[in-house]
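> whatever this is, show me its structure:
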Amino acid sequence: MADITEVNKRVEDINIQQILDPDCDSKTNLVRGVNPTTHASRRYLRQNEIRMIPTRQALKGVFCRGDLYKYASIWANDKNVQKALHVSKGTVKEWTLCNADMTYNYGEPSMPAYNFNVQNSVVYHANLTKRNCRALVFSGDHDMMVPHVGTRKWILSLNLTITDSNWEAWYVNSQEAGYKTTYARDDYSLVFATVKGAGHTAPEFKPEECYEMVKRWFVQAPL
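Numbers count the residues shown, from 1 in each chain. Predicted coordinates:
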């Protein structure tokens with residue numbers, strides 16, 4: 001715990017979801033809550049939809065991505081929008097960006113990272129390696145919430161064989177979009193790709209690159 005505290009001290013002013021974005025939260029560290037938009041702020045914004053005021057006045061003139069999330073919440077909860085999207089009436093009481101009210105197997109509500117140990121899912125990935133299937137795993141390389149080095153580590157634990165690429169660059173519009181490694185075992189294959197400049201939710205930050213990546217993977221073309 002002392003090590004985690006020391007890490008938090010060093011990164012407390014960094015936006016861990018996208019390290020190049022401004023830190024617009026009052027506290028940014030590895031044990032922070034996972035939902036950037038609280039129920040209270042959503043209620044406030046629906047009552048004051050014209051005045052989209054950042055939480056911290058000191059950030060005047062600074063781009064805060066969280067403001068876009070607030071706009072999204074207002075938009076997605078609009079009855080006319082839900083009707084246009086053919087959302088069945090009554091199925092969604094309130095659309096939220098992140099569901100922080102889930103209950104896990106231990107019977108406790110979701111909690112900040114490092115305070116709650118979610119069961120490991122690597123065993124399910126290991127089972128898939130025994131089947132005839134393909135997998136694509138990708139990570140934004142500017143994400144410090146779930147860093148790509150950690151993702152790569154659990155992939156290595158599957159004891160797969162590196163095939164036709166090993167941390168090679170992949171490209172979109174003749175520009176480097178990240179790095180890729182291809183693994184396989186018998187009839188199973190896995191492509192792990194990083195998305196250059198992307199944060200925690202990679203398609204949000206690099207939509208064109210992620211679209212090209214997924215499109216190529218679906219048609220079984222090299223990234």
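> can you give me the buried ones in stretch 11-25?
Of the residues in stretch 11-25, 14, 15, 16, 17, 18, 19, 21, 22, 23, 24, 25 count as buried by neighbour count, 16 or more other CB atoms under 10 Å. Placement of C-beta: from N, CA and C, glycine included.
> need the contact list for the residue lying closest to the fourth one once chain neighbours are set aside.
The shortest distance from residue 17 to any non-neighbouring residue, by CB to CB, 6 or more residues apart in numbering, is to residue 200 (4.2 Å). Shown here is residue 200, whose contacts under the criterion CB atoms under 8 Å, 6 or more residues apart in numbering are 16, 17, 18, 140, 143, 145, 146.
> helix or strand: which one has the second one?
Secondary-structure element containing residue 17, defined by DSSP states H and E: none, the residue being outside all helices and strands.
> can you give me the end-to-end span of stretch 139-149?
Using CA to CA, to the nearest Å, one end of stretch 139-149 lies 9 Å from the other.
> buried set for that stretch?
For stretch 139-149, a neighbour-count test (16+ other CB under 10 Å) marks 139, 140, 141, 142, 143, 144, 145, 147, 148 as buried.
> next one: residue 172 from residue 197, what distance?
If you measure residue 172 against residue 197 using CB to CB, to the nearest Å, the figure is 12 Å.
> so for these two, which sits in the more crowded spot?
Relative neighbour count places residue 172 above the other of residue 172 and residue 197, with 19 against 16, counting by other CB atoms under 10 Å.
> please enumerate the helices of this protein.
Chain-ordered helices for the chain, with DSSP state H as the definition, fall at 2-11, 39-47, 65-76, 79-84, 122-128, 148-156, 202-205, 207-218.
> residue 218 - how many residues pack around it?
When counting by other CB under 10 Å, one arrives at 10 neighbours for residue 218.
> just residue 4 next, same as before
The burial count assigned to residue 4 is 13, neighbours taken as other CB under 10 Å.
> same deal with residue 215?
For residue 215, the number of neighbouring residues by other CB under 10 Å comes to 10.
> show me what contacts residue 76?
By CB under 8 Å, 6+ apart, the contact list for residue 76 reads 82, 95.
> distance of it relative to residue 85?
To residue 85, residue 76 is 9 Å away according to CB to CB.
> ok, residue 72 - contacts?
For residue 72, the contacting residues are residue 97, by CB under 8 Å, 6+ apart.
> I meant residue 175, not that one.
Applying CB under 8 Å, 6+ apart, we find residue 175 in contact with no residue.
> which members of the buried residues of stretch 139-149 are the farthest-apart pair?
The largest distance within the buried residues of stretch 139-149, taken as CB to CB, falls between 141 and 145 and amounts to 12.6 Å.
> shaky segments in this structure?
Low-confidence regions of the chain, defined here as pLDDT under 70, cover residues 25-62, 99-119.
> residues contacting the residue sitting furthest away from the middle of it?
For the chain, the C-alpha lying farthest from the average C-alpha position belongs to residue 186; by CA atoms, centre = their mean, that distance is 30.4 Å. For residue 186, the contacting residues are residue 130, taking CB under 8 Å, 6+ apart as the criterion.
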